[in-house]
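Engineer: Make a model of this:
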Amino acid sequence: MKVLYIANGYPDYLCDLVMHGLYNLLGDDLTHSCDYYLMYKDKVTKETLKNIYGRGFTVWGNLPKYLNDNSDLEKKIINKYFDYIIYGSIHRCQDYLNLVKEHYSKKNICFLDGEDFIDIWSGYNNDYLYFKRELTFYSKNILPISFSIPIEKIVKNKENIKKIKKLADLIPGSPLNRNYIYENEEDYYRGYREAYFGMTFKKAGWDCMRHYEILANYCLPYFPDLNDCPKYTMVNFPKEDVLKAKDLYESSIFDLDNYYEILEKVFEYTKQKLVTTECAKYVLSNLIGINK
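Structural biologist: Next comes the predicted model:
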């Protein structure tokens, strides 16, 4: 199965996380339309990563080997070289769209929308499969999608982790944390590993990379406003268990056994369900499914 992933290569969490998952699933059967140098260890520098959103932590510079051949894309589209075409960030990149629509069935094209706002792309009609991150309603062809995390970022030796504080130092939105307080990814992750809870909440959108970074580092999110999250947003997030963690954090008695029972459950869930390959499988399975 050959897939063309159309994106502009600028940092975009949902777009880049799905691309990471597709790369690990498809290998050189994945073609991306741009160079996507931010994603590859041998293409991006530490200095470049330091200057992008989130200091380049977690998402970028992880892929081991550049496999992409995006030469003669227009010719390949016309000749239907690809089985499926995925737009990784439809609000931000519509490259080749008229050509793609001319030569491909609507059932072989899908759009991803990872924006913080709830509006659907103005050029969309209901004939195409559309994945929306901040989704607030049900629709047959508009499906929910959420962030995920590269499996290589999930802590490997949780048995060696020592918890030394109730809440991680990083408090999003705090006047003390207006600037990045960590210079490197390892220190950032350690801040969550050494804490029982990591503070997180809705900012521009409900879904946030920080939720997954907390979980991946064997820490429970303290998510005080999670009850207000719309039903169709973050549908794969373990909301019920994270709400239990909220109650535990706010309780006057800290039940350590209960804490680790919840933590073990959501940590295993994170490894099984919240990794980028699972998110990419979800996109592909829905795309393939409408063609059966």
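
Engineer: Domain map for the protein?
Structural biologist: Taking automatic domain parsing as the reference, the chain has its domains at 3-146+276-289, 155-273.

Engineer: got the buried residues for the helix or strand bottoming out on mean pLDDT in the chain?
Structural biologist: The weakest-scoring helix or strand in the chain, judged by mean pLDDT, DSSP states H and E, is helix 46-50 (a mean of 90). By 16 or more other Cβ atoms under 10 Å, the buried positions in helix 46-50 come out as residue 49. (C-beta placed from N, C-alpha, C; glycine too.)

Engineer: Show me the contact partners of that helix.
Structural biologist: Applying Cβ atoms under 8 Å, 6 or more residues apart in numbering, the contact partners of helix 46-50 are 38, 55, 56, 60, 61.

Engineer: pretty sure residue 194 is touching residue 166, no?
Structural biologist: No - judged on Cβ atoms under 8 Å, residue 194 makes no contact with residue 166 at a distance of 10.7 Å.

Engineer: Could you check which of the two is surrounded by more residues?
Structural biologist: Between residue 194 and residue 166, counted using other Cβ atoms under 10 Å, residue 194 has the larger neighbour count: 16 against 11.

Engineer: residues in contact with that one?
Structural biologist: 161, 162, 163, 164, 165, 168.

Engineer: so the second one is in which element?
Structural biologist: Read that as residue 162. Residue 162 is part of no helix or strand when elements are defined by DSSP states H and E.

Engineer: how about low-confidence regions in the chain?
Structural biologist: The chain contains residues with pLDDT under 70 at 173-180, 292.

Engineer: Find the residue at the geometric middle of it.
Structural biologist: Centroid check for the chain by Cα atoms, centre = their mean gives residue 147 as the closest residue, at 2.6 Å.

Engineer: Please, where are all the strands along the stretch 151-292 of the chain?
Structural biologist: Under the criterion DSSP state E, counting those that start in this stretch, the stretch 151-292 of the chain contains strands at 165-167, 195-199, 220-222.

Engineer: So which of these has the densest surroundings on average?
Structural biologist: strand 220-222 (a mean of 25; mean count of other Cβ atoms under 10 Å).

Engineer: helices or strands up against that one?
Structural biologist: Helices and strands touching strand 220-222, by 3 or more Cβ pairs under 8 Å, 6 or more residues apart in numbering; DSSP states H and E, are strand 195-199, helix 209-216, helix 239-250, helix 256-273.

Engineer: repeat that for 6 Å
Structural biologist: Packed against strand 220-222, as judged by 3 or more Cβ pairs under 6 Å, 6 or more residues apart in numbering; DSSP states H and E, are the following elements: strand 195-199, helix 239-250.

Engineer: Just checking: what are the partner strands of it?
Structural biologist: strand 195-199 (parallel) (DSSP bridges).

Engineer: The strand it pairs with to helix 209-216, inter-axis angle?
Structural biologist: Interaxial angle of strand 195-199 relative to helix 209-216 (axes from the mean of the first three to the mean of the last three Cα atoms, to 10 degrees): 170 degrees.

Engineer: nearest residue to residue 217 other than its sequence neighbours?
Structural biologist: Residue nearest to residue 217 in three dimensions, not counting chain neighbours: residue 192, with 4.0 Å by Cβ to Cβ, 6 or more residues apart in numbering.
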